[in-house]
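In: Kindly return the folded structure for what I paste below:
(2 chains)
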There are 2 protein chains.
Amino acid sequence: MIELNFSHMMEEVIGSRGLSERIIEDLRDRAKEVHKQIGDRLLPELAFIDLISQDTSEIKRIAREIRRGAESFLILGIGGSALGPRAILEALSPFHNLQKIPKIFIYDNVDPRTLKQILALTDLKTTSVNVISKSGSTAETAAAFMILWDEMKKVPCSDISKRFIATTDPEKGNLRKIVNEEGLKSLAIPQGVGGRYSVLSPVGLLLSEVIGIDADELLMGARDIQKKCSDQELWKNPAYLFGTLLYLMDREKHRTIDVMMAYADGLKPFTEWFCQLWAESLGKQGRGLTPYPSIGSTDQHSQLQLWIDGTQDKVLIFIRVNDYSVDIQLPDIFQNMEGLSYLSGHTLSELIKAEEEATELALAKAGRPNMTITVPQIDAYHMGQLFHFLELATAFTGLLYEINPFNQPGVEEGKNLTYGMMGKKGFEEKRKEVEDHREKKARWRI
Amino acid sequence: MIELNFSHMMEEVIGSRGLSERIIEDLRDRAKEVHKQIGDRLLPELAFIDLISQDTSEIKRIAREIRRGAESFLILGIGGSALGPRAILEALSPFHNLQKIPKIFIYDNVDPRTLKQILALTDLKTTSVNVISKSGSTAETAAAFMILWDEMKKVPCSDISKRFIATTDPEKGNLRKIVNEEGLKSLAIPQGVGGRYSVLSPVGLLLSEVIGIDADELLMGARDIQKKCSDQELWKNPAYLFGTLLYLMDREKHRTIDVMMAYADGLKPFTEWFCQLWAESLGKQGRGLTPYPSIGSTDQHSQLQLWIDGTQDKVLIFIRVNDYSVDIQLPDIFQNMEGLSYLSGHTLSELIKAEEEATELALAKAGRPNMTITVPQIDAYHMGQLFHFLELATAFTGLLYEINPFNQPGVEEGKNLTYGMMGKKGFEEKRKEVEDHREKKARWRI
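Out: Numbering: from 1, shown residues only, chains lettered A, B, ... in the order given. Here you go, the predicted model:
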């Protein structure tokens, strides 16, 4: 089971930059209220919690079909539709495309260079395309889908409907309509489940099964952490404590940047997944916390200087791995060189764990708050725990701030301006606005 | 030539959240002082500027040898020794390992899972290892080097000295000593050039030549931007303006997070390279700016909500690409669906450029300052411009703050604690400190 150590958030351990027990205690009743809101599914989007007990048989059936026929599996999706699958892929099957079939491509942009490369690297005759969009009208995903549909049609003797799997709303939207008209295979993102809370829905689970990772293991991890996080008592609930501590570091100590630093290369996309979850859920109405993705020990040589000696505006969240499953011993060589010889006899995992512990302590000594999530192993079961733990903690934190952690009202204007430029009906004024603005911009350039 | 548009930093365009011309004008004399310091090479580390006129023949010669014999090229390095090479690799040769030889691996951590995978994916008989460390005593790089040295020795009939290229100090350190004793090939990181300013030294240029990118193109770009940024007049010097604007946004508007959002998948490691440069150079003495890496349009579906609607603490730096070199047209299909049909007839590069312009404007309308660096194309020449431009701007900004942009005093304590745990002589007390601290930490966990 994953474990949270929050010593370095506490006044008692790190001094006045830390939080007192009292101030946490003061939020106990408030936490109980939020606990009730979650239990009552106050907002329909809290439905993500119920994903943990879903039936995976249809996902498994479709994945088996894909594994039989496909040499490449291409995901079209953006935001939550891409970040969750990529987090699973990199954590649980690193260097996948250099050693396994089907090769996995995740196209989550509209960069023409990337899509050209993907098309050159795949044989469409043996490619399955998973288009993922809840609404079915995300511009980037729609554009990629249209291109792939058209390209696939040019492949001789191919039954186009068999090459696509749509993961979308169970009833509404363009994608669902195309599924019905063209007879595509499809999976439903359950009602209420939003993009950034969808990794444990078919969005992430189909990819998981396609790369040979048992989706039920992910869900079992999620169920077990849900049990551990079901107590209404703040002090007994790690997800609520996680959120409360970061909330208090914002409110009481003006620490508004939360760095997630995972000591494992394969968790890099996982930290980026968390950043979407935390940023979009809490960043609204003129406030919000800025999550920052990071990898240890690598970023000790990139960002640590700023974190330990820069502005007092951050909290570090370490992800420590207990058992890396494999290890390598450092050989007894270069014994005449003091700068190297001390490493002999140790293992790489000893070194990386020492680096993690040293960084925690160095930060604490400099009065820089941090906490640590310890993960026993990087496997499907524990990834399921991490995903669900952070989703739960994020929803809790949003409700603690009394904001809706499930909407993203701020991104509409950018979409509308894009529609205008792309000539979508009804957005003619937006186009004009962009064009007029270009003149205003002309002066300040060099 | 790359171009900077800073309209959306100006009061005149975005209103009171912007900067007045006056306040920029007030820094003109100060900029001249800093210009003189740079010209006089006040600090020896300003030597990075002189890299632009280096002779690349030795780099080219070694790269030719590697290309002849190697199926894999493995870089061992961390921080600046890895971020620069990776930025070049991903920008200029995306999906490299799926289509080209030698395959490139960059091991910039001490994660045992990653190194096991790399060893499984490479045949050491046809692998060249480039170990990069200025000091020659970076613990992570030393550990990786010791393992590779030992593994390489086990390969029958291999001349071990021919399999390694050391990129290190011209005279000092463990690595240089090993070069001399064992007769390794080597390249020198010139005196004064620090890790995060070393991408245009042999650190980045050897990798560049190994993947078939002409190092002289990168340097030509750097020389041309150096010319463009050599004016002492703030208003005529884009590097100085870039730094001054971000400095003023910190000092006058309390905007301390600088997001670099590049609209090209291949520039992701480039934004991470910038983040090390900016963070380690400016983050010290209790202040500093937090750089944030980002990719558009992808992160419009991940971070944009926070940037446009969250706390007023950020400045966005867009990287806009004028010509993606390739393009794909969106087909005339699904004409009965309004949510898709407007895209028909456009191209992907039209869409991604519209997204970029729309996001700029949406932010500006919401009073969120931003500026844009436009890059004509993603090629070696323009990457050379980007690298050198930002290094120059960072050094200028550090001097503007009156801090040393070339040191990183904050990371020493973490290193010492790690030495203690790994049993390095002279660090016994640090080990004890870590062990004693473990007891203090035991209480606050769940």
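In: Is the residue located most distally from the centre of chain A in a helix, a strand, or coil?
Out: Distance from the C-alpha centroid of chain A, by CA atoms, centre = their mean, peaks at A:N336 (46.1 Å). Three-state call for A:N336 (DSSP: H, G, I helix; E, B strand; the rest coil): coil.
In: I'd like to know which elements the helix or strand where A:Q305 lies is packed against.
Out: The secondary structure element spanning A:Q305 is helix A:304-309 (assigned by DSSP states H and E). The criterion is 3 or more CB pairs under 8 Å, 6 or more residues apart in numbering or on different chains; DSSP states H and E, and the helices and strands that helix A:304-309 contacts are helix A:348-365, helix B:268-282, helix B:412-421. C-beta coordinates here come from the backbone N, C-alpha and C atoms, glycine included.
In: Out of those helices, flag the one nearest A:V179.
Out: The stretch from the helices and strands packed on helix A:304-309 with the least distance to A:V179 (CB to CB) is helix B:268-282; that distance is 32.6 Å.
In: residues near the closest residue to chain B within the stretch 1-150 of chain A, how many?
Out: For the stretch 1-150 of chain A, the residue positioned closest to chain B under CB to the nearest CB is A:G79, at a distance of 2.9 Å. Other residues near A:G79 come to 29 when the count uses other CB atoms under 10 Å in any protein chain shown.
In: next one: A:K441
Out: One way to gauge burial is a neighbour count; for A:K441, by other CB under 10 Å, it gives 19.
In: For it, which non-adjacent residue is spatially closest?
Out: B:S7 (4.2 Å; CB to CB, 6 or more residues apart in numbering or on different chains).
In: Show the pLDDT at the one you found.
Out: Per-residue confidence (pLDDT) for B:S7: 97.
In: contacting residues around the residue of the stretch 151-300 of chain A found nearest chain B?
Out: Closest approach between the stretch 151-300 of chain A and chain B, counting by CB to the nearest CB: A:G283, at 2.8 Å. Residues near A:G283 by CB atoms under 8 Å, 6 or more residues apart in numbering or on different chains: A:L289, A:T290, A:G410, B:Q305, B:L306, B:W307, B:D309, B:G310, B:T311.
In: who wins for most neighbours among the residues you listed?
Out: B:W307 (31 neighbours).
In: Provide the angle between the direction of the longest helix belonging to chain A and the direction of helix A:268-282.
Out: Of all the elements of type helix in chain A, the one with the most residues (DSSP state H) is helix A:380-400. Taking axes from the mean of the first three to the mean of the last three CA atoms, to 10 degrees, helix A:380-400 and helix A:268-282 form an angle of 20 degrees between their directions.
In: so what does helix A:380-400 touch, helix or strand wise?
Out: helix A:28-39, helix A:80-92, helix A:215-228, helix A:238-253, helix A:268-282, strand A:370-377.
In: got the contact list for A:K154?
Out: Residues in contact with A:K154 (CB under 8 Å, 6+ apart): none are found.
In: backbone phi and psi for it, please?
Out: For A:K154, the backbone dihedrals are phi -80, psi -10 (criterion: degrees, to the nearest 10).
In: what does A:I165 give?
Out: Dihedral angles phi and psi of A:I165 (degrees, to the nearest 10) take the values phi -130, psi 120.
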